[in-house]
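Asker: A structural model of the following input is requested.
(chains A and B)
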Amino acid sequence: MKLLTHNMLKSHVKGVKDGYPLRLSASKVELKEVTFNADFVVRMLDRIVWPVLRQTAIEIGQGDNLPTDIPADAATNEEFLRAMHHVLLEVLVLEGELECPETGRKFPIKKGIPNMLLDEDEV
Amino acid sequence: YNLLIPPAMRIMCLSSSENEWRHLNNAVVLTASAGLFVTPRWGYALQTPFLLASTRHSDAELSGIAQRCVGMAYMGELIAQGENWEMLVEVALRDRVTDELPSGRFKFEIMSYNKKLVKARKMHIFETMAPLAIPGAVDLHDPEIRYLAVEDYGRKHMSAPDAPHRVFWVRQIATGRRDLMRAFDLKTRNMIGNTSMDPELAFFMANMVQAQPGTLAYDPFCGTASLLVPVAYFGGMTMGSDIAFQVVHGVGKTSRQGTGSKTRGPKENILANYEQYELLDKFGDVLVADAANPSFRQDILFDMIVADPPYGIREPARRIGAKDSRPVPEEFRDNRFPRSKQYGLGAVFTDLISFGAHRLVLGGRLAFWMPEALAEEFVVPAHRCFEVKAACQQILNRKLARRLVVMAKVAEPDASEPEAVGLNAEWGVRHHVFV
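Answerer: Sure, this is the predicted structure:
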């Protein structure tokens, strides 16, 4: 699972108000190079919740050079875009868990694939 | 300032067959590029492989467009046309069309549709065309310009008339991408499922949702990602999810026959498909998730959504839930599959369209397949946030067809308005098939 995906997912257990962000605990992380695509990263600037992306990246040891806020010139700032590209697409969580911030319900990540299925009494 | 606009150029595209779908897709790709006007309309039975259009695009731009046309054999500038070669030459001389032609080393070829030409016929064409003084010198081995004299003998499987219906003189701009059909053939794909989409139709969908670099696409019923692979090929970042754990993880019973194994092998997984086509850069993620209960935050935006939901015929439509929702004892929560119940077809499509209304960018596209019982009148779902662009029919058998519905998001949803799409939750086609 990429941090791009983590940024988009929430808990949808019945009764949960916000369910976002999911707390990520990663027991196995892999880095894999992805060709830099500035267009894509620029398009994601206003779709990503930056504080969540940054915080999650820091928690798994990949957020060293990320600024607190998206810089004003982000769309043309290649250094920033490359840093964002790295945390969005090149950090793969292979094993771990996503935890609902409200209910504590855990969604397992196995072989890089999160399982977001609820039990039938949770929908 | 009008002088800055390049003059319109007439082009001729040769679809790879008379197949309506191929025509349609070529027309979609062409019209999707601004400045092009294409004659055929949706659902139009053309019964000819020739598609004429007018454009202000340059050769280089048109070559780029042709790169997306999986149903196109050839694209060229239409220099002249006529009922026969004598008439064509007369018109070409009168209008002095050769004055406008580029100068360079050229090659002149002859092509016919629905008839194999004998040598004498070819010689006749060459001789008739001879009075046209084409600028430049002939070079058969390394031409800079390729001209084509095309004879149209009408529809395939009909006996060809003695004389062609019409003739074209064309300068080649680009060839289409029939080669992709071989490259993405399901027979050689690492992982397939029972309902993997035919690559040609999957490429059509990727065109209809305007997949391109920089975009983010999602398929909530991704299966083996057969709809997402062409989107990725056109440069979109792809996300997929499916309720079927075994498919998403590439385990369990294989759909591949003749390998001597009943279970999926180490290369039979979604990631291996992306790897096979060198598309790993466009693999966003796949999730095990229930389309009936989306686990994306409310405000996430996709550029396009593609889907081929299960129709309840070859694959069951399921959602998590149970009639008697007993609490699950905590000690059993891990290592169990949740119980699922039937996901009514009407609800499947209502949920899908509603999801698209909320999770697509304005202008974003939603394309999905819907089954159609031929005994019933087909109702195209309608939603106030969407404009229906197409509902193309593909006949599957005597009782059943399916429609590729393409919608563009034209308005943001408003909480105060109901999200009806005109489908009854109980609607389905299964009872027409299994009578």
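Asker: neighbouring strands for the longest strand along chain B, and are they parallel or not?
Answerer: Longest strand in chain B, counting residues (DSSP state E): strand B:360-373. If you go by DSSP bridges, strand B:360-373 pairs up with strand B:302-307 (parallel), strand B:400-409 (antiparallel).
Asker: name the residues of that strand that are buried.
Answerer: B:360, B:364-373 (16 or more other C-beta atoms under 10 Å in any protein chain shown). From N, CA and C alone the C-beta is placed, and that goes for glycine too.
Asker: try stretch B:390-404
Answerer: Judged by neighbour count (16+ other C-beta under 10 Å), stretch B:390-404 contains these buried residues: B:390-392, B:400-404.
Asker: ok, now stretch B:283-301?
Answerer: In stretch B:283-301, counting by 16+ other C-beta under 10 Å, buried: B:283-297, B:300-301.
Asker: please flag which of these sit within strands.
Answerer: B:283-288.
Asker: ok, which stretches of the chain are helices?
Answerer: Picked chain A for this. A:3-8, A:38-44, A:50-59, A:78-85 (DSSP state H).
Asker: other chain: chain B
Answerer: Along chain B, counting by DSSP H, helices occupy B:20-32, B:59-66, B:85-94, B:119-129, B:179-183, B:199-208, B:228-233, B:245-249, B:270-276, B:345-359, B:430-433.
Asker: looking at these, which is closest to B:Leu52?
Answerer: helix B:20-32 (10.7 Å; C-beta to C-beta).
Asker: what about stretch B:158-168, how long is it end to end?
Answerer: 21 Å (C-alpha to C-alpha, to the nearest Å).
Asker: buried sites along it?
Answerer: Neighbour counts over stretch B:158-168 (16+ other C-beta under 10 Å) mark B:160, B:164-168 as buried.
Asker: next one: stretch B:69-83
Answerer: B:69-82.
Asker: ok, now stretch B:213-230?
Answerer: Neighbour count says stretch B:213-230 has B:214-230 buried, by 16+ other C-beta under 10 Å.
Asker: strands - which of those residues land there?
Answerer: B:216-219.
Asker: ok, so of these, who is nearest chain A?
Answerer: Nearest to chain A among these: B:Leu216, at 7.2 Å, using C-beta to the nearest C-beta.
Asker: which residues are in contact with the closest one?
Answerer: Residues near B:Leu216 by C-beta atoms under 8 Å, 6 or more residues apart in numbering or on different chains: A:40, A:43-44, A:47, B:236-237, B:239, B:284, B:301-304.
Asker: is B:Gly235 in contact with B:Gln210, as I believe?
Answerer: No - look at B:Gly235 against B:Gln210 with C-beta atoms under 8 Å: they stay out of range, at 10.8 Å.
Asker: who has more neighbours out of these two?
Answerer: Per other C-beta atoms under 10 Å in any protein chain shown, whichever of B:Gly235 and B:Gln210 has more neighbours is B:Gln210, with 21 against 18.
Asker: number of nearby residues for residue 16?
Answerer: You didn't pick a chain, so chain A it is. 16.
Asker: switch to chain B, please.
Answerer: Residues within reach of B:Ser16, counting by other C-beta under 10 Å, total 20.
Asker: which residue ranges of chain A form strands?
Answerer: For chain A, the strands defined by DSSP E cover A:23-31, A:91-99, A:106-110, A:113-114.
Asker: redo those as TSV? Include distance to chain B.
Answerer: Formatted as TSV, the strands of chain A follow (distance: least, C-beta to the nearest C-beta, whole Å):
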stretch	distance to chain B
strand A:23-31	13
strand A:91-99	9
strand A:106-110	8
strand A:113-114	5
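Asker: which residue does the stretch 1-150 of chain B have closest to chain A?
Answerer: For the stretch 1-150 of chain B, C-beta to the nearest C-beta, closest residue to chain A: B:Gly64, 15.8 Å.
Asker: state the distance from that residue to B:Ser54.
Answerer: From B:Gly64 over to B:Ser54 the distance is 18 Å, taken as C-beta to C-beta, to the nearest Å.
Asker: could you do A:Met84 as well?
Answerer: Counting by C-beta to C-beta, the gap from A:Met84 to B:Ser54 is 43 Å.
Asker: more crowded one of these two?
Answerer: A count of neighbours by other C-beta under 10 Å puts A:Met84 above the other of A:Met84 and B:Ser54, at 26 against 14.
Asker: please identify the deepest-packed of the strands of chain A.
Answerer: Burial of the strands of chain A is given as mean neighbour count (mean count of other C-beta atoms under 10 Å in any protein chain shown); strand A:113-114 ranks first at a mean of 24.
Asker: picking up where we left off before, can you put the helices of chain A in JSON lines and add distance to B:Asp324 and mean pLDDT?
Answerer: Formatted as JSON lines, these follow (distance: least, C-beta to C-beta, whole Å; pLDDT from 0 to 100):
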{"stretch": "helix A:3-8", "distance to B:Asp324": "33", "mean pLDDT": "98"}
{"stretch": "helix A:38-44", "distance to B:Asp324": "43", "mean pLDDT": "97"}
{"stretch": "helix A:50-59", "distance to B:Asp324": "38", "mean pLDDT": "97"}
{"stretch": "helix A:78-85", "distance to B:Asp324": "48", "mean pLDDT": "96"}
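Asker: show me what contacts the residue in chain B sticking out farthest from the centre?
Answerer: Distance to the chain centre peaks in chain B at B:Glu331, reaching 48.0 Å (criterion: C-alpha atoms, centre = their mean). Contacts for B:Glu331 were tallied using C-beta under 8 Å, 6+ apart; there are none.
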